[in-house]
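# Below are the sequence and a predicted model; questions follow.
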Amino acid sequence: MRKALLGFLLIYGILFLVYPAFLYSDDGRIRTEIVKDIDIGKTYLLILYGARHGNDLESVVIFDIEGDDYTFEPYAPHFDYEIERGLDYSRAIQRAEKFVSWHPLYQRSELRRITLSGTDIGYELRPLYDPLSYGVSDVLDIDYRLRDHKVIVRIRLLPQIEWMLLDGDRVREMDGN
C-alpha cells in the first residue's frame, strides 16, 4: 500500500511539474512587449482606432507590417477606425503619435511590439493618461486572436474604467447636467 501511494505521488508530482509547461507554451500565442522603437526598414499600414468623440479613451494605433503573412482587423464597425497605407517609419510614427496624443489627459505613449512565436508581426502605440484621473495610466484592454493569417484585434477599456465612466454619466444625469 505504501509503495502504491509513493508511486502515485511520484507520478502526480512529475505531471504537476511538466503539465504547466504544455499549458503555457508560447507556440501560437500572440504577445506584446514594450519597446523603444519600430523596425525602420519596413512599410506600415496604420489602423487608427478611436478618437471618435471628446472623451474617447479607447484610442490606439496598430502598425501592420506591409508585405508579411499577417493582416490585422479590428473587431469593430468600420466607422470606429481609419486605415492609412504605405507609411514609412518616420511618417508612421509621426502620424501615430499625433493620433494618440489628442486627449486632454494624455501624458505619454507606450510602444509595444506584437509577436507570434517570437516573430514580429506588428506594433501598437497606446496612450497613457493621467493616473490621478482614472487610477491607472493604461486604461486599455487589447486582445489579439489569430484566425488563419488574420489577427483579430479586440479593443476595450478595462472594466473598472468602463464602470467609472458609466457611474459618472449616471451622476450627471441625476444632477440634470
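Everything's here; your move. Since the model is a prediction, treat every value here as computed from it, not as a measurement.

# wait, what's in contact with the spatially most central residue of the chain?
Nearest residue to the geometric centre of the chain (Cα atoms, centre = their mean): Ile142, 3.2 Å. Shown in contact with Ile142 (Cβ atoms under 8 Å, 6 or more residues apart in numbering): Thr32, Val60, Glu124, Arg126, Val153, Arg154, Ile155, Arg156. In short, each C-beta sits where N, CA and C put it, glycine included.

# Any stretches of the protein with poor pLDDT?
Applying pLDDT under 70 to the chain picks out residues 1-28, 168-177.

# Please list the members of the contacts of Ile142 that lie in strands.
Assigned to strands by DSSP state E, the following of those qualify: Thr32, Val60, Glu124, Arg126, Val153, Arg154, Ile155, Arg156.

# burial count for Ser59?
23 (other Cβ atoms under 10 Å).

# Do a quick rundown of the strands in the chain.
30-34, 44-49, 60-65, 71-74, 81-87, 106-116, 119-129, 140-147, 150-157.

# Centre of the chain to the first one, how far?
Taking the mean of its C-alpha atoms, strand 30-34 sits 8 Å from the chain's own mean (Cα atoms, centre = their mean, to the nearest Å).

# ok, it: who's next to it in the sheet?
When pairs are called by DSSP bridges, strand 30-34 turns out to pair with strand 106-116 (antiparallel).

# So for the partner strand, what gets flagged as buried?
For strand 106-116, a neighbour-count test (16 or more other Cβ atoms under 10 Å) marks Ser109, Glu110, Leu111, Arg112, Arg113, Ile114, Thr115, Leu116 as buried.

# Can you check what angle separates that strand from strand 140-147?
Counting by axes from the mean of the first three to the mean of the last three Cα atoms, to 10 degrees, strand 106-116 lies at 20 degrees to strand 140-147.

# What lies in contact with strand 106-116?
28-38, 62, 70, 96-97, 100-101, 120-130, 137-138, 144, 146, 151.

# go with 6 Å
Applying Cβ atoms under 6 Å, 6 or more residues apart in numbering, the contact partners of strand 106-116 are 30-35, 100, 120-128, 130.

# roughly how far is it from the heart of the chain?
The answer for strand 106-116 is 8 Å, by Cα atoms, centre = their mean.

# In contact with Glu82, which residues?
Here Glu82 is in contact with Leu48 (Cβ under 6 Å, 6+ apart).

# Report the beta-bridge partners for it.
Beta-bridge partners, per DSSP bridges, of Glu82: Leu48.

# Alright, that wraps it up for me.
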